[in-house]
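Participant: Mind looking at a prediction? Sequence and model below.
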Amino acid sequence: MFFSNPLRYFITSLLRYFATSLLRNFVTSQLRNFTPMKTLSLGDQALLLQFDQRIDPAVRAEVAAWETRIREADVPGVLYFIPAYCSLTVGFDPRVWTAEALTNRIIALGAGDGVANPEIRSRFWRIPVCYETPYSWDLEDLCAQTGLDWPEIVALHTGPVYQVFMMGFLPGFAYLGILPEALACQRKAVPRASVPEGAVGLAGRQTGIYPLASPGGWQIAGWCPVPVFSPHNEYPFLFQSGDQAQFYSISAEECAEWKRRVQDGIFDPTLLYG
């Protein structure tokens with residue numbers, strides 16, 4: 001009797017532990033499929049799928065997974081996708097779907113009626129940037145905001161592999177992140193009336209390349225001689241959402257050579273593949 005109660009307690013506790021673990025794993029696996037998201041109707045021709053509202057690679061991976069899941073399910077009447085940091089817009093033909101019916105169809109995909117674990121494909125780019133004067137317009141501001149010297153800023157900016165979280169603002173503008181925390185910086189208090197094509201900017205914990213000359217308030221750290229928007233090409237954008245990119249530093253002389261090759265029409269984008 002002395003040993004029976006402790007033994008029974010031990011066995012019961014062990015069984016409870018395994019049962020709890022199995023249940024936890026089951027619930028977790030189900031939550032991965034039933035991704036918590038909000039669905040909003042954007043008129044009668046588009047849905048907005050909203051995820052956790054933050055800049056986070058894990059959230060962006062959810063966006064990409066749902067886009068791939070819907071694409072590979074080949075849902076009739078779905079016309080286009082607009083992925084963003086933490087949302088996915090799905091355009092549809094109102095003659096085929098109502099917003100409510102398509103919402104139910106998409107939710108069913110997450111429940112296993114479709115691709116459960118889609119493969120996310122992306123490309124990796126190595127992008128040349130000249131951080132020397134006269135291209136580093138905001139050298140002093142960036143050094144003052146971060147407390148770092150310029151070589152440290154360049155080393156930090158060229159270190160990470162960035163993800164293209166979304167395309168927007170201008171044709172071909174890729175929002176790249178996440179910047180190292182040490183490089184987090186404020187936008188300019190007064191935006192410039194014109195920022196040149198190719199300028200490489202920083203704002204918050206994002207970075208990007210201006211595809212066209214335009215007004216802008218990002219801190220300019222350098223210049224990229226590679227066109228990221230070529231309107232006359234069949235595929236005009238260099239980047240697409242989900243791509244990965246890493247910058248590397250080039251000298252002013254190397255920058256001039258890149259620029260010459262682009263102007264002479266002998267630039268080959270595949271040279272930028274990592």
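Facilitator: On my side now, so go ahead. Numbering: from 1, shown residues only.
Participant: Residue 205 and residue 71: what is the separation?
Facilitator: Distance of residue 205 to residue 71, given as CB to CB, to the nearest Å: 29 Å. (Glycine included, C-beta is placed from N, CA and C.)
Participant: got it, and residue 169?
Facilitator: Residue 169 sits 25 Å away from residue 71, going by CB to CB.
Participant: can you give me the strands for the stretch 151-274 of the chain?
Facilitator: Taking DSSP state E, counting those that start in this stretch as the criterion, the stretch 151-274 of the chain contains strands spanning 162-167, 174-177, 192-195, 199-203, 206-209, 214-216, 219-223, 244-250.
Participant: Let's have those strands in CSV, adding mean neighbour count and mean pLDDT.
Facilitator: Converted to CSV, the strands of the stretch 151-274 of the chain look like this (neighbours: other CB atoms under 10 Å; pLDDT from 0 to 100):
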stretch, mean neighbour count, mean pLDDT
strand 162-167, 22, 95
strand 174-177, 24, 96
strand 192-195, 14, 97
strand 199-203, 23, 98
strand 206-209, 24, 98
strand 214-216, 16, 97
strand 219-223, 25, 98
strand 244-250, 18, 97
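Participant: Would you tell me which of those strands gets closest to residue 155?
Facilitator: strand 244-250 (8.6 Å; CB to CB).
Participant: where are the low-confidence patches of the stretch 101-250 of the chain?
Facilitator: Residue ranges of the stretch 101-250 of the chain with pLDDT under 70: 111-121.
Participant: ok, which stretches of it are helices?
Facilitator: 139-146, 150-158 (DSSP state H, counting those that start in this stretch).
Participant: which one of these lies closest to residue 263?
Facilitator: Evaluated over the helices of the stretch 101-250 of the chain, closeness to residue 263 peaks at helix 150-158, with 25.0 Å, by CB to CB.
Participant: and that closest one, C-alpha only, in PDB?
Facilitator: Only the C-alpha atoms of helix 150-158 are listed here, as PDB (Å, rounded to 0.1, in the frame of the first residue of the first chain):
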ATOM      1  CA  TRP A 150      30.200  56.100 -41.900                       C
ATOM      2  CA  PRO A 151      32.200  52.800 -42.300                       C
ATOM      3  CA  GLU A 152      30.200  51.300 -39.500                       C
ATOM      4  CA  ILE A 153      26.900  52.300 -41.200                       C
ATOM      5  CA  VAL A 154      28.000  50.900 -44.600                       C
ATOM      6  CA  ALA A 155      29.100  47.600 -42.900                       C
ATOM      7  CA  LEU A 156      25.800  47.300 -41.200                       C
ATOM      8  CA  HIS A 157      23.700  48.200 -44.300                       C
ATOM      9  CA  THR A 158      25.600  45.700 -46.400                       C
END
